[in-house]
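In: no FASTA, just this:
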Ligand code: KIV
C-alpha cells in the first residue's frame, strides 16, 4: 500500500481538532525510534510526541536540559520514517525557543529537515509570544503547562503544580494564553485532576494530560513507562506491558543457548557446496573422515596460499 493512499494518510491538526469536536478522547504516546514508532502507528495511536524526555529515558541524562537540537532532529527523523499515519509532534529542547527568531529557525528545522508536522513548547504566558510567532509562520504548536521539566532548575523539584489559589489562577491564565496564542492543543503535566478538568472545560482546544486525571481531552504517556521498560515508574504512569521482564528473559535464554552451542542452529545457518570448499581448501574427497563432512585439521592453506 502506498504511503500516500487514503488509509495511510498522515493525520493533521485539523483531524485532531475534528476528533476533539466529535468528543473522541485522544491517545498520545512518546516515541523516539523507527521500530517503536511503526508499531505504535500500526496500533492506531493518532499523535506521537518525540519528547525531549528522550534525554532521560533513551540517552541517560539526569534532566531534559542537556538535550540538543541535533539529538532531537536525529530521533524525530527516525520516528517520521517509522510512522506513516500519526501526527508527529517534535519537542523543542531547552533554549531552542528562547526568542521568537530562535523558535522559527529551530521549528523550521523540525518541519523541513526531520519531517515533523508540529512542535511543542513549554510555558504558558511566558511563551505566548513565541507560540504566536510560530503559528503566524505556519508552524502548528502544542503548548505544555503545569510541570514544565525544562524549568527544573527554577522549579527545584518535580511536583504537582497549581495546588494553591495563586498557582491555580496562574495555570488558568497560562492555559488561556496558550490557546489565544494559537496553539492547537496543550499538554497539562502534573496538575490536580479537578483543576485540569476545569481548564479543559474552559478551552476550545484539546488538553492532553499526563498526571492530570481523566478529565482531559486526551492523555500522553512516556513510551518506556507504558511498556514497563524502566526501573522507575512515576505515580501517574501505568505499565501496559512488562517489557523489562520480557527482554531480561530473552537475553538470558540467548546467552545460555550461545554458551551451550545450540544457537545458531540449522535454521539460522547456511551451507555451501562441499566440493567448492574442498577445492578452495585444497582437499580431495578422500581427506574427509569416515563421518563424511567433518574436515581434517591439517592441510588448511594459509592466506598466502589462497
Ligand atoms: O518530553 C516529553 O515526553 C513530554 C511529555 C511528558 C508530555 O513532554
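Out: Looks like it came in fine. This structure is a prediction, so every number in the text was calculated from the model and none was measured.
In: contacts and neighbour counts: CA atoms only from here.
Out: Fine.
In: Could you report the distance from residue 59 to residue 284?
Out: Distance, residue 59 to residue 284, by C-alpha to C-alpha, to the nearest Å: 55 Å.
In: hey, where'd the strands end up in the stretch 1-150 of the chain?
Out: Remark: strands assigned in the stretch 1-150 of the chain by DSSP state E, counting those that start in this stretch are 26-30, 47-50, 87-91, 118-120, 141-146.
In: For the ones you listed, could you give me JSON lines that also reports mean neighbour count and mean pLDDT?
Out: Formatted as JSON lines, the entries for those read as follows, by neighbours: other C-alpha atoms under 10 Å; pLDDT from 0 to 100:
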{"stretch": "strand 26-30", "mean neighbour count": "21", "mean pLDDT": "98"}
{"stretch": "strand 47-50", "mean neighbour count": "28", "mean pLDDT": "98"}
{"stretch": "strand 87-91", "mean neighbour count": "28", "mean pLDDT": "98"}
{"stretch": "strand 118-120", "mean neighbour count": "25", "mean pLDDT": "98"}
{"stretch": "strand 141-146", "mean neighbour count": "27", "mean pLDDT": "98"}
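In: wait, what's in contact with the residue of the stretch 101-250 of the chain found nearest the ligand?
Out: Residue of the stretch 101-250 of the chain nearest the ligand, by C-alpha to the nearest ligand atom: residue 222 (5.5 Å). Shown in contact with residue 222 (C-alpha atoms under 8 Å, 6 or more residues apart in numbering): 29, 30, 31, 53.
In: And the second one, how close does it get to the ligand?
Out: What that stands for is residue 30. Relative to the ligand, residue 30 is positioned 6 Å away (criterion: C-alpha to the nearest ligand atom, to the nearest Å).
In: Skipping its backbone neighbours, what lies nearest that residue in space?
Out: Excluding its sequence neighbours, the residue lying closest to residue 30 (C-alpha to C-alpha, 6 or more residues apart in numbering) is residue 49, at 4.4 Å.
In: wait, that neighbour sits on residue 28?
Out: Yes: if you go by C-alpha atoms under 8 Å, residue 49 and residue 28 touch, sitting 7.1 Å apart.
In: Out of the contacts of residue 222, which comes closest to the ligand?
Out: residue 53 (3.8 Å).
In: Tell me how many other residues crowd the closest one.
Out: 25 (other C-alpha atoms under 10 Å).
In: was I right about it contacting residue 64?
Out: Yes: between residue 53 and residue 64 a contact is recorded at 6.0 Å, counting by C-alpha under 8 Å.
In: For stretch 259-278, buried residues please.
Out: Neighbour-count burial for stretch 259-278 flags residue 278 (criterion: 16 or more other C-alpha atoms under 10 Å).
In: Give me the pLDDT for whatever residue of the chain ends up closest to the ligand.
Out: Among the residues of the chain, residue 51 lies closest to the ligand, at 3.3 Å counting by C-alpha to the nearest ligand atom. We note a pLDDT of 98 for residue 51 in this prediction.
In: same check, this time on the one 5 residues further on
Out: The score at residue 56 is 95. That number is its pLDDT.
In: Can you tell me how far it is from residue 66?
Out: Using C-alpha to C-alpha, we find residue 56 at a distance of 9 Å from residue 66.
In: now swap in residue 193 and tell me
Out: Taking C-alpha to C-alpha, one finds residue 193 at 30 Å from residue 66.
In: likewise residue 124?
Out: In terms of C-alpha to C-alpha, residue 124 sits 22 Å off from residue 66.
In: and if you look at residue 230?
Out: Taking C-alpha to C-alpha, one finds residue 230 at 20 Å from residue 66.
In: Can you pull up the residues of the stretch 151-300 of the chain that come close to the ligand?
Out: Taking C-alpha under 6 Å from any ligand atom, the part of the stretch 151-300 of the chain that reaches the ligand is made up of residue 222.
In: Just give the nearest non-adjacent residue to residue 75, would you?
Out: residue 32 (5.4 Å).
In: I'd assumed residue 56 was in contact with the one you found.
Out: No: with contact defined as C-alpha under 8 Å, residue 32 does not count as touching residue 56 (11.7 Å).
In: Of these two, which one has the most company?
Out: Using other C-alpha under 10 Å as the criterion, residue 32 and residue 56 rank with residue 32 on top: 27 against 15.
In: pLDDT averaged over the lengthiest helix in the chain - what is it?
Out: In the chain, assigned by DSSP state H, the helix with the most residues is helix 243-260. Regarding helix 243-260, the rounded mean pLDDT is 98.
In: Please state the offset of the following helix or strand past that helix from the chain centre?
Out: Later in the chain than helix 243-260, the nearest helix or strand by DSSP states H and E is helix 274-281. Relative to its parent chain, helix 274-281 has a centroid offset of 50 Å by C-alpha atoms, centre = their mean, to the nearest Å.
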